[in-house]
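Asker: the following block contains a protein sequence and its predicted model.
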Amino acid sequence: MNKSQLISAIASKAEIPQSKAEKVLAAALESIVNTLTNGEAVSLVGFGSFGIRKRAARKVRNPQTGIEMMIKAALVPFFKAGKNLKDIVDSKDS
C-alpha cells in the first residue's frame, strides 16, 4: 500500500472526502516527525511505538574496492509493533 492508497482507505473508512483524509494523514505524520525530532517517543496503544535510537560510529568496508571507511554516529528512527498488532498479523498467517 502506498500513500495514495492509504489516503483512499482512510477516506473510505472515515466516510470523508479524500482531500480531508490527505490533510489528516499529513497532520498525523507531521506530528510524529516533530515529536521524534524533539527527542520524544510516540506511543499508540495497541498499534506500536515510534522512537529514536543512537547508532554508534562504525567501520565499514566498500565491497567493490575493499577500502575501509568510518560511518559517523547517527540518530535513527524506529518502530516497534505493539502486542495487538503482532497478534492480528500473526493470526492472519495461520
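Answerer: Yep, it's here. This one's a predicted model, so the numbers in the text were calculated from it and none came from an experiment.

Asker: tell me where this protein has strands.
Answerer: 42-44, 48-55, 58-61, 68-71, 74-81 (DSSP state E).

Asker: would you tell me which helix is longest in this structure?
Answerer: helix 18-37 (DSSP state H).

Asker: for it, packing partners?
Answerer: When contacts are defined as 3 or more C-beta pairs under 8 Å, 6 or more residues apart in numbering; DSSP states H and E, helix 18-37 sits against helix 3-14, strand 42-44, strand 48-55. Glycine gets a C-beta too; all of them are placed from N, C-alpha and C.

Asker: for residue 89, find the nearest of the ones you listed.
Answerer: strand 48-55 (11.1 Å; C-beta to C-beta).

Asker: got a list of contacts for that closest one?
Answerer: 32, 35-36, 39, 41-43, 73-82, 85 (C-beta atoms under 8 Å, 6 or more residues apart in numbering).

Asker: how about a cut-off of 10 Å?
Answerer: Here strand 48-55 makes contact (C-beta atoms under 10 Å, 6 or more residues apart in numbering) with 32-33, 35-44, 71-86.

Asker: again with stretch 85-94
Answerer: 44, 46-48, 80-82.

Asker: show me which pair in these is furthest apart.
Answerer: 46 and 80 (12.8 Å).
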